Each structure stands twice: as C-alpha cells, then as structure tokens.
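In: predicted model and sequence follow; I will ask about them next.
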Amino acid sequence: MILDLTRFGWFMIVTLSLFAKAAQAQGVLELSAGIHRIRAEVANTYDSRAQGLMHRKNLAANDGMLFVFPQSAQHCMWMRNTLIPLSVAFLDEQGRIINVEEMSPQTEDNHCASKPARFALEMNVGWFKNRGLGQGVSLIGIEKSPPPM
C-alpha cells in the first residue's frame with residue numbers, strides 16, 4: 001500500500017492547528033498589576049465569553065477571567081446565572097483600566113465600559129478597590145492574550 005504523504009501531511013497540519021486553537025481558547029494567562037499577580041482564565045471565543053463565570057460557586061483570591069473581545073467597543077457585562085459577586089475592570093487595547101464596576105450575583109443589570117474597551121477582567125468583588133487599582137492602571141501581560149475567535 002502506498003501512502004500519499006502530501007495529503008497526510010496537510011491533514012496533520014490542519015489537525016494540529018485545530019488542537020492549538022482549542023487549547024488557546026481554554027488557556028490561562030498570568031497578568032500583574034504592580035505587585036499583584038492574577039491568574040486569568042481566557043475567554044476569547046463567543047461561547048467562552050457567553051459562559052463567563054456562570055454557575056461557579058467560588059473563585060480563588062487572585063483568579064479571574066479575561067474576556068478578549070473581537071474589537072474595541074463599549075461592551076457590557078451582566079450576572080445572569082453567576083453565583084458569586086464580581087468586579088469587572090474594562091481595559092483598553094494596551095491593558096489600561098478604563099473603569100471598574102461592582103456586580104451583584106444573579107442580576108441582569110448592565111455594567112458597561114465608559115468608553116471603548118478591548119478586554120474585560122472579572123475578579124472577586126472588591127479585588128481592584130482593595131488593592132487601590134483604578135482608572136489608568138496598566139495590567140502587564142495583556143499583550144500575551146490569544147486573539148479573539
């Protein structure tokens with residue numbers, strides 16, 4: 001039997017590429033804000049952004065979720081089916097905080113960026129305030145976020 005390596009090679013490249021994209025969509029990114037370290041799950045697909053932190057019963061102290069949006073816009077977040085209170089920081093293209101909003105669990109109130117944002121970072125409620133992190137503070141590591149899909 002003769003194996004057509006040209007077709008097989010392309011198949012392997014496409015398969016590995018799909019696995020890489022899937023892994024990227026489910027990744028974790030290490031960020032920092034000054035001396036504060038953040039372990040952020042990445043939500044860069046439509047489905048992962050829609051799911052967010054819904055149905056979670058807890059979130060570790062320095063864990064969060066980074067939402068990577070396809071374009072900068074005045075994005076809004078809500079807390080439907082989210083069981084834990086959260087703070088969300090809306091970030092510009094460079095990872096600078098635009099504004100921070102406090103969000104109550106299981107509500108459908110909109111919490112929006114005050115101007116176009118490319119990212120949103122959700123952390124436990126009060127996380128940003130308790131560390132004195134507000135408008136204009138830059139998060140380091142945002143440039144390593146995977147592209148939106």
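Out: Good, I have the coordinates.
In: I'd say Glu108 and Trp78 touch.
Out: Yes: between Glu108 and Trp78 there is a contact under Cβ atoms under 8 Å: 5.2 Å. Glycine gets a C-beta too; all of them are placed from N, C-alpha and C.
In: so for these two, which residue has more residues nearby?
Out: The neighbour count for Glu108 versus Trp78, taken as other Cβ atoms under 10 Å, is higher for Trp78 (15 against 8).
In: per-residue pLDDT, the more buried one?
Out: We note a pLDDT of 94 for Trp78 in this prediction.
In: go ahead and confirm it touches Cys112.
Out: No: using Cβ under 8 Å, Trp78 makes no contact with Cys112, being 9.8 Å away.
In: for Ile38, name its beta-bridge partners.
Out: Taking DSSP bridges as the rule, Ile38 bridges to Leu31.
In: that one and Leu31: what is the separation?
Out: 4 Å (Cβ to Cβ, to the nearest Å).
In: quickly list what's touching both of those two.
Out: Shared contacts of Ile38 and Leu31 (Cβ atoms under 8 Å, 6 or more residues apart in numbering): Leu121, Leu139.
In: got a list of what the closest residue to Pro85 other than its chain neighbours touches?
Out: Nearest residue to Pro85 in three dimensions, chain neighbours excluded: Val125, at 3.7 Å (Cβ to Cβ, 6 or more residues apart in numbering). Listed by Cβ under 8 Å, 6+ apart, the contact partners of Val125 are Ile84, Pro85, Leu86, Ser87, Glu102, Met103.
In: so, low pLDDT: which residues of the protein?
Out: For the chain, residues meeting the criterion pLDDT under 70 lie at 1-26.
In: can you pull out the helices in it?
Out: Counting by DSSP state H, the chain has helices at residues 5-25, 46-51, 127-130.
In: quick one: the second one to chain centroid distance?
Out: Pointing back at helix 46-51 there. 10 Å (Cα atoms, centre = their mean, to the nearest Å).
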